[in-house]
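S.K.: can't give you the sequence, but here's the structure:
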């Protein structure tokens, strides 16, 4: 499955730069929480909890209060299930994007979609970032981002079509494959006119990967960070955590947070999460250990 | 000639860089800022910062606190930085925008009262209109959460310091017991005795701006103005 395009990570190394989303500029030492808000009845984690529009808006209020920098609004579950066409996906997400934009002019709004039709409507309603989890399946999505001055997440989905599970997937070198795929997508996004400061890459844990692969991309995350593109990781309560710990979906918080800490230490900058407050605490702790932020309140031994 | 004397405590937490993102005892910092403002109001020709340190001696007027010794995440300002109490005094002057002449006078932690008093008298024996910034703390053993836990003698010791300052009877500070002060982790003792020596027979009017122990250490902020 590996496409040996000869990408040499050492050669591609460059320092991280400012990430721009909405009107905001985030420096490399600033770690961001992207809160998941699903407009679906059937996502894997707490299915249907924000299917209701009022419940979804209540969650937005809650996650903003808990320290979310970005909300990621999705209308189609990643896993296989009932068909959701573009029209239905727009119905689920776009009016909600408009409502969130109206309530929070400065909040960064991301929309989790692979379809350019959805991306266009979402950007027109105020979305700042298109989170293309399915690895550029629809080549026109980046063009929509460029058209609206929005950002785009370039993911590695293991060359699978949207909403498909990995089946006996194998890589000579999964990290090299992730680098090849995401760097090609990022280069193409730049080519079609997306602002390079608004492009992120995401190795996409679990997407087109077994648990061993997801652990490997975590272990070697520095190779992605070294490209200079801001790295987004989406770890929250995923199957690779569950399989690693033999933990059911509601027992994966500790594993998720441990992985979050490791990824933060290795240089990831955006963390897509269900549990915003806990994730914020982990990121602040890592930032303080790195010396990027001071403690909230230090008195011990200083009185 | 003593134009006035400001008394401030010298915990590291006085330095805003060291306590993190949230405000820590803002009322203490406000009181220190206010008392330094009062000191500068008299337009002194020189400010002498008096603070306890390992040994008696004068430090370069350019001396500053190096916060890095307490918080290594903060870039070091170099070696040979001023002792804590003097560095914090310098910081308070900087915060007040003071750019005039300053002297940083350390007084040894173990210096006997007589030597402290003599040092104070020498400092005061100058024609220059002088402001004193006296940095010192009471006991750090004022309760179960205090750095030095609890010593029943702490309250009495600190009460006597407070009484002497409030009444302007700075003479009484000479009688503070060196060994007891050490046992009570009351680091201000030698600095207060230098103050006593500098004031000589002046009976200053006193105002106490802050007197509390939020972390089990006695902090006293006061202003003394000599009466003619």
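M.R.: Received, thanks. No experiment lies behind these values; they were computed from the predicted model shown. Numbering: from 1, shown residues only, chains lettered A, B, ... in the order given.

S.K.: which residues touch residue A:130?
M.R.: Contact analysis of residue A:130 by CB atoms under 8 Å, 6 or more residues apart in numbering or on different chains lists A:110-111, A:113, A:119, A:122-123, A:141-142, A:144-145, A:150-153. The way it works is simple: take the backbone N, C-alpha and C, and place the C-beta from them, glycine included.

S.K.: buried sites along stretch B:168-184?
M.R.: Residues B:168, B:170-171, B:173-174, B:176, B:178, B:180-181, B:183-184 are the ones in stretch B:168-184 that count as buried (16 or more other CB atoms under 10 Å in any protein chain shown).

S.K.: wait, does the helix or strand where residue B:222 lies contact chain A?
M.R.: Element membership of residue B:222, judged by DSSP states H and E, is strand B:219-225. No: on the criterion CB under 8 Å from any CB of the partner chain, strand B:219-225 is out of touch with chain A, staying 8.8 Å away.

S.K.: what does that strand contact?
M.R.: If you take CB under 8 Å, 6+ apart as the criterion, strand B:219-225 is touched by B:4-9, B:11, B:28, B:31-32, B:35, B:38-39, B:136-138, B:161-162, B:165-166, B:168, B:170, B:188, B:195, B:199, B:204-213.

S.K.: which of the contacts of residue A:130 sits closest to residue B:128?
M.R.: Proximity of the contacts of residue A:130 to residue B:128 (CB to CB) peaks at residue A:151, which lies at 63.6 Å.

S.K.: that closest one - how many residues pack around it?
M.R.: A count of nearby residues for residue A:151, using other CB atoms under 10 Å in any protein chain shown, gives 26.

S.K.: count of neighbours near the closest residue in space to it that isn't next to it in sequence?
M.R.: Nearest non-adjacent residue to residue A:151, counting by CB to CB, 6 or more residues apart in numbering or on different chains: residue A:198, 3.2 Å away. As a burial measure, residue A:198 scores 22 neighbours (other CB under 10 Å).

S.K.: so residue A:198 touches residue A:18, yeah?
M.R.: No: contact criterion CB atoms under 8 Å: residue A:198 and residue A:18 do not qualify, at 10.2 Å.

S.K.: any idea how far the residue located most distally from the centre of chain B is from residue A:290?
M.R.: When each C-alpha in chain B is compared with the mean C-alpha position (CA atoms, centre = their mean), residue B:73 comes out farthest, at 26.8 Å. Going from residue B:73 to residue A:290 by CB to CB, to the nearest Å gives 9 Å.

S.K.: same deal with residue B:40?
M.R.: 40 Å.

S.K.: higher neighbour count, the two?
M.R.: For residue B:40 and residue A:290, the more surrounded residue by other CB under 10 Å is residue B:40, and the numbers stand at 19 against 14.

S.K.: quick one: contacts for the more buried one?
M.R.: Taking CB under 8 Å, 6+ apart, one finds B:47, B:96, B:98, B:131 in contact with residue B:40.

S.K.: in helices, which of the contacts of strand B:219-225 appear?
M.R.: The helices, defined by DSSP state H, take in B:28, B:31-32, B:35, B:38-39, B:161-162, B:165-166, B:195, B:199 from the contacts of strand B:219-225.

S.K.: returning to that earlier point: isn't the residue farthest from the centre of chain B up against residue A:293?
M.R.: No: Residue B:73 lies out of contact with residue A:293 (CB under 8 Å); the separation is 9.2 Å.

S.K.: which of the three states applies to residue B:134?
M.R.: strand (DSSP: H, G, I helix; E, B strand; the rest coil).

S.K.: now do the contacts for it.
M.R.: With CB under 8 Å, 6+ apart, residue B:134 has these contacts: B:5-8, B:50-51, B:191-192, B:194-195.

S.K.: can you list the residues of chain B near chain A?
M.R.: B:11-13, B:17-22, B:24, B:70-71, B:73, B:140, B:147, B:214-217.

S.K.: again, only using 6 Å
M.R.: B:11-13, B:18-22, B:24, B:73, B:215, B:217 (CB under 6 Å from any CB of the partner chain).

S.K.: which of those sit farthest apart?
M.R.: For these, the farthest-apart pair by CB to CB is B:73 and B:217; their separation is 24.1 Å.

S.K.: doesn't residue B:68 lie inside a helix?
M.R.: Yes: Residue B:68 sits within a helix when classified using three-state DSSP.

S.K.: ok, it touching residue B:81?
M.R.: No: using CB atoms under 6 Å, residue B:68 makes no contact with residue B:81, being 8.5 Å away.

S.K.: show me which of the two is the more surrounded one.
M.R.: Comparing residue B:68 with residue B:81 by other CB under 10 Å, the one with more neighbours is residue B:81, at 19 against 15.

S.K.: residue contacts, that one?
M.R.: By CB atoms under 6 Å, 6 or more residues apart in numbering or on different chains, the residues touching residue B:81 are residue B:66.

S.K.: let me see the contact set for residue 117.
M.R.: I'll assume chain A. residue A:86.

S.K.: could you do chain B instead?
M.R.: Neighbouring residues of residue B:117 by CB under 6 Å, 6+ apart: B:174, B:193, B:197.

S.K.: cool, residue B:25 as well?
M.R.: Taking CB under 6 Å, 6+ apart, we find residue B:25 in contact with residue B:214.

S.K.: ditto for residue A:106
M.R.: Residue A:106 touches nothing, counting by CB under 6 Å, 6+ apart.

S.K.: one more: residue B:104?
M.R.: Residue B:104 is in contact with B:49, B:59, B:63, B:82, B:86, counting by CB under 6 Å, 6+ apart.

S.K.: re the thing from before, and which of the contacts of residue B:134 is nearest to residue A:242?
M.R.: Nearest to residue A:242 among these: residue B:8, at 57.1 Å, using CB to CB.

S.K.: neighbours around the residue lying closest to that closest one once chain neighbours are set aside, how many?
M.R.: Among residues not flanking residue B:8 along the chain, residue B:32 sits closest, at 4.8 Å (CB to CB, 6+ apart). For residue B:32, the count of nearby residues is 28 (other CB under 10 Å).

S.K.: what sits against residue B:32?
M.R.: With contact taken as CB under 6 Å, 6+ apart, residue B:32 is in contact with B:8, B:92, B:221.

S.K.: now residue B:162: how far from residue B:213?
M.R.: Remark: distance between residue B:162 and residue B:213 (CB to CB) = 11 Å.

S.K.: okay, those two: which has more neighbours?
M.R.: The neighbour comparison of residue B:162 against residue B:213 (other CB under 10 Å) goes to residue B:213, with 22 against 16.

S.K.: okay, the more buried one: pLDDT?
M.R.: Note on residue B:213: pLDDT of 97.

S.K.: what's the answer for residue A:82, then?
M.R.: Looking at residue A:82, its pLDDT reads 89.

S.K.: look up how far residue A:207 lies from the closest residue to it other than its chain neighbours.
M.R.: Of all residues not flanking residue A:82 in the chain, residue A:42 sits nearest, at 7.2 Å (CB to CB, 6+ apart). Using CB to CB, one obtains 18 Å as the distance from residue A:42 to residue A:207.
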